[in-house]
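Trainee: Please find the sequence and the predicted model below.
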Amino acid sequence: MPSPAWSSAGRGGGRNDGAARAQRRLVKRARIVGLQLVSILVALVAWEVAARGGWVDPLFVPAPSAVAAAFGRIGAAALRALGDTLVKAGIAYGIAVVLGVGAGLALGSARRLRDVLNPFVIGVYGIPKILVLPWIVLLLGFGAAPAIVYGTIQAFFPILLIVMGSVRDVDATLLTVARSYGARPWQLYWKVILPAIVPAVLAGMRLGIVFCLLGVLIVEMFAGVRGMGYVMGSLANGFRAAELFAVTGLVSAASIAIVLTLDVLNDRLAHWRG
């Protein structure tokens, strides 16, 4: 049996090794972030030089400094418009996730139901969604409702199809073993199916938020609904390229932040799916 001194030394060595590994990971991550920031800076400098040197038409591709100045002029209004868009997109996204995940679980689990409805789902999914936009506006008028409905439709189908496929592909052996141990239907969903499909659900949610935001922006842009899409359409029609670049960057940053948040959520749920 090792002496207490040796045991303490072993524990201390383990802690030191863990701290060293954590420090190496931190240094590696810092290097990666540093390289990413340098790449962005180089791209911005090249863009600025090209714009100031006359290599691109500033009417369509303004310099980053001009874009920054434009954002200073319209930043407050752009943030308010972005808030309106994100509220509508958030409502549409929440509805799409609930309906898409629920329908995906139902169709993926019930084979007979899937066999009956799958051709209709694929058929409706294959229809360009822009075709139903005039009907949505005609029925719901001009306001937040058509943007929410169209955003929900855009996000619903990717989530539905990904979740349905993941449920269908769950290892049948896991379900058989769980049933042999007397698992009830709700236990099968909670203990086996849901942990197994978490990566697919998160993938569908990441894809769905992009389509949802796109749908809301399209309605705002072409139906004259208040929000960032309307602002972008107005700036484009007025050939205000610097302001258009600024608000485009703002929307892009918001979308990237949402997707990164879903990635963090995926990491947090990793322990649940084992």
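Mentor: Noted; the coordinates are in hand.
Trainee: What is the neighbour count of residue 41?
Mentor: By other Cβ atoms under 10 Å, 10 other residues sit near residue 41. For glycine as for every other residue, the C-beta is placed from the backbone atoms N, C-alpha and C.
Trainee: How about the secondary structure of it?
Mentor: The three-state label given to residue 41 by DSSP: H, G, I helix; E, B strand; the rest coil is helix.
Trainee: where does the stretch 1-150 of the chain have low pLDDT?
Mentor: 1-18 (pLDDT under 70).
Trainee: Break down it into its helices, ranges please.
Mentor: Assigned by DSSP state H, counting those that start in this stretch, the stretch 1-150 of the chain shows helices spanning 4-52, 64-109, 111-126, 133-140, 144-168.
Trainee: Check these for me and report the most buried one.
Mentor: helix 144-168 (a mean of 24; mean count of other Cβ atoms under 10 Å).
Trainee: next one: the helix or strand following that helix to chain centre, how far?
Mentor: Following helix 144-168 in sequence order, the next helix or strand is helix 172-180 (DSSP states H and E). Counting by Cα atoms, centre = their mean, to the nearest Å, helix 172-180 is centred 33 Å from the centre of its parent chain.
Trainee: domains of this structure?
Mentor: 1-56, 64-273 (automatic domain parsing).
Trainee: what distance separates the longest one from the centre of its chain?
Mentor: In other words, domain 64-273. 7 Å.
Trainee: can you offset everything so residue one is 43?
Mentor: Got it, the first residue is 43 from now on, which makes the last one we talked about domain 106-315.
Trainee: How about the contacts made by residue 181?
Mentor: Under the criterion of Cβ atoms under 8 Å, 6 or more residues apart in numbering, residue 181 has no contact partners.
Trainee: Brilliant, that's me finished.
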